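1. This is a predicted model, with the sequence first.
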Amino acid sequence: MTRLAICNARAVLPDRMEDNVNIVCRNGLIESVSADTIADSTDLLRMDAEGQLVVPGYIDIHVHGGAGADFMDGDVDSIRTAAKAHLRHGTTTLFPTTTTGSAKQILNMIDACRENSAEPDLPWLPGIHLYGPYFAADKVGCHSLDGRRSPESDEYQRYFATEFVRIATCAAELDGAEDFYRAAAKHNCLITCGHSNASWAEMQAAYEAGMRHVDHFWCAMSSVPSLRQRLGVPMQASMAEFVLMTPEMSTEVIADGYHLSPELLEFAYRMLGPDRLCLVTDCNRALDLPAGDYRFGSQQDGSWFYSDGRVGWAPDRSSLASSVVGMDHMVRHMRQSTTASLPEVIRMASLTPARRAGISDRTGSLQVGKQADLLILNSELEIQRVIARGNPVS
Ligand SMILES: [Zn+2]
Ligand SMILES: [Zn+2]
């Protein structure tokens, strides 16, 4: 059995950096992280990090596709194409994320993802993020409105029965939302509210039913003005205030430089801290592809959007339609735009999402016994090598 030693690393640990670290991986797991000299042996493969940064592989809890494929295309080739594209951008664990669509499309997507959950040349797929279709009609964003609906037990119990749904989203104001959250809690999901115009009272009821996370903060969610429009006066607190004021709640930001300004990223970081804030890509199929028109969601009937090569736009260019970049970009942008330290930025892309999604015993930090998911980065935080479960994949 071969061991892999990554020597002379500048290791980024959850709370600090350490120089001259040697990391030994065996059978896909981290066997040691130390300054000890690693003795040569015939079964040892040595990789010299040359003093560069070694960080845990990134974990994306909200991602739709890449390299021309959307997870909702629902076939094995598309899942592989999209997952592989994100691996090149440093994501070693991801939760393929559904859009609005038919039950058949969602079930196909779950099956195809499960078939590819532990391939050696792909990121680990611990389960899917059931994101669409349970969105509020007035917050559907770039998703197809036809595929949106309220949660019905007959439908979602089929998804949960696969035991492959690990993150579950529903707009809190929909009929049946609380039953949905309770069902998701029974299946140990991270429960989230997104594409929602929920009020404080609706968020409180959702919280009682197990909801603990909000999708892409400030995007397709309620605000004081949006609630004033929906419910009149007195003005009411929204999803934003609920998240900020409730320590058990986490959320995520799309830090691509187009969705949120630097001061909003800094605000989210300072108000929530690196243990309640995840970086996500929310990336669609246009990752690594030239500017052009693409479908969001299934290639059959997903809604059209336009990628200018930097971000996705609604067809009339009036609003954004998710990102077209990988997690490596999000990490660089968050580092440049905020006062968060490098260990904190990396934590928001690894250990924090791992903890929130319930997989931090397996991955998310450079710790003995965890999966050997690691990246070598240069000082510009560009990916030099990707090692997924002990395999040097690029
Ligand atoms: Zn969204
Ligand atoms: Zn999304």
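-> Looks like it came in fine. Ligands and ions are numbered 1, 2, ... in the order given.
2. What residues does residue 126 make contact with?
-> By CB atoms under 8 Å, 6 or more residues apart in numbering, the residues touching residue 126 are 93, 95, 117, 166, 357, 359, 362. C-beta here means a position set from N, CA and C on the backbone, and glycine is covered the same way.
3. Compile those residues into CSV and extend it with columns for secondary structure, distance to residue 300 and neighbour count.
-> Listed next are the contacts of residue 126 as CSV, based on DSSP: H, G, I helix; E, B strand; the rest coil; distance: CB to CB, whole Å; neighbours: other CB atoms under 10 Å:
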residue, secondary structure, distance to residue 300, neighbour count
93, strand, 28, 28
95, strand, 23, 28
117, coil, 24, 17
166, strand, 26, 21
357, coil, 29, 22
359, coil, 31, 22
362, coil, 34, 16
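4. for the stretch 1-150 of the chain, what spans make up the helices?
-> 76-88, 103-115 (DSSP state H, counting those that start in this stretch).
5. Would you pull up how far the first one lies from the middle of the chain?
-> Using CA atoms, centre = their mean, to the nearest Å, we find the averaged C-alpha position of helix 76-88 to lie 15 Å away from the chain's own average C-alpha position.
6. And that helix, what does it pack against?
-> The contact analysis (3 or more CB pairs under 8 Å, 6 or more residues apart in numbering; DSSP states H and E) places helix 76-88 against strand 58-63, strand 65-66, strand 69-70, strand 91-96, helix 103-115, strand 383-388.
7. Packed most tightly, which of those would that be?
-> Mean neighbour count (mean count of other CB atoms under 10 Å) peaks for strand 65-66 among the helices and strands packed on helix 76-88, with a mean of 32.
8. Could you tell me how far it lies from the centre of the chain?
-> Worked out by CA atoms, centre = their mean, strand 65-66 lies 12 Å from the chain centre.
9. Stretch 61-74 now?
-> Taking mean C-alpha positions (CA atoms, centre = their mean), stretch 61-74 and its chain are 12 Å apart.
10. Residue 220: neighbouring residues, count only.
-> For residue 220, the neighbour count with other CB atoms under 10 Å is 21.
11. Quick check, residue 46 in contact with residue 2.
-> No. Between residue 46 and residue 2 there is no contact under CB atoms under 8 Å: 11.1 Å.
12. hang on, the earlier thing: could you dump the helices of the stretch 1-150 of the chain to TSV with mean pLDDT and distance to residue 57?
-> TSV is the format used below for the helices of the stretch 1-150 of the chain (pLDDT from 0 to 100; distance: least, CB to CB, whole Å):
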stretch	mean pLDDT	distance to residue 57
helix 76-88	98	9
helix 103-115	98	18
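13. Which one of the ones you listed lies nearest to residue 265?
-> Closest of these to residue 265 is helix 76-88, at 21.3 Å (criterion: CB to CB).
14. buried set for stretch 38-46?
-> Going by neighbour count (16 or more other CB atoms under 10 Å), the buried part of stretch 38-46 is residue 38.
15. swap that for stretch 181-200, please
-> 181, 183-185, 187, 189-200.
16. coming back round to it: of all the contacts of residue 126, which comes closest to residue 65?
-> Nearest to residue 65 among these, counting by CB to CB, is residue 95 at 12.8 Å.
17. who touches the closest one in this structure?
-> 60-63, 125-129, 166-167, 357.
18. With adjacent residues omitted, what lies nearest to residue 226?
-> The shortest distance from residue 226 to any non-neighbouring residue, by CB to CB, 6 or more residues apart in numbering, is to residue 197 (5.6 Å).
19. my bad, should have said residue 221
-> With sequence-adjacent residues excluded and distances taken as CB to CB, 6+ apart, residue 221 is closest to residue 239, at 4.6 Å.
20. hmm, back to that, which stretch among the helices of the stretch 1-150 of the chain comes nearest residue 247?
-> Here helix 76-88 is closest among the helices of the stretch 1-150 of the chain (CB to CB), at 30.8 Å.
21. CA atoms of that closest one as CSV?
-> The C-alpha trace of helix 76-88 is given here as CSV (Å, rounded to 0.1, in the frame of the first residue of the first chain):
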residue,chain,number,x,y,z
VAL,A,76,-24.3,10.0,-15.4
ASP,A,77,-22.1,11.8,-18.0
SER,A,78,-23.4,15.3,-17.0
ILE,A,79,-22.9,14.6,-13.3
ARG,A,80,-19.3,13.5,-14.0
THR,A,81,-18.6,16.5,-16.3
ALA,A,82,-19.9,19.1,-13.8
ALA,A,83,-18.3,17.5,-10.8
LYS,A,84,-14.9,17.1,-12.5
ALA,A,85,-15.0,20.8,-13.5
HIS,A,86,-15.3,21.8,-9.9
LEU,A,87,-12.6,19.5,-8.8
ARG,A,88,-10.2,21.4,-11.0
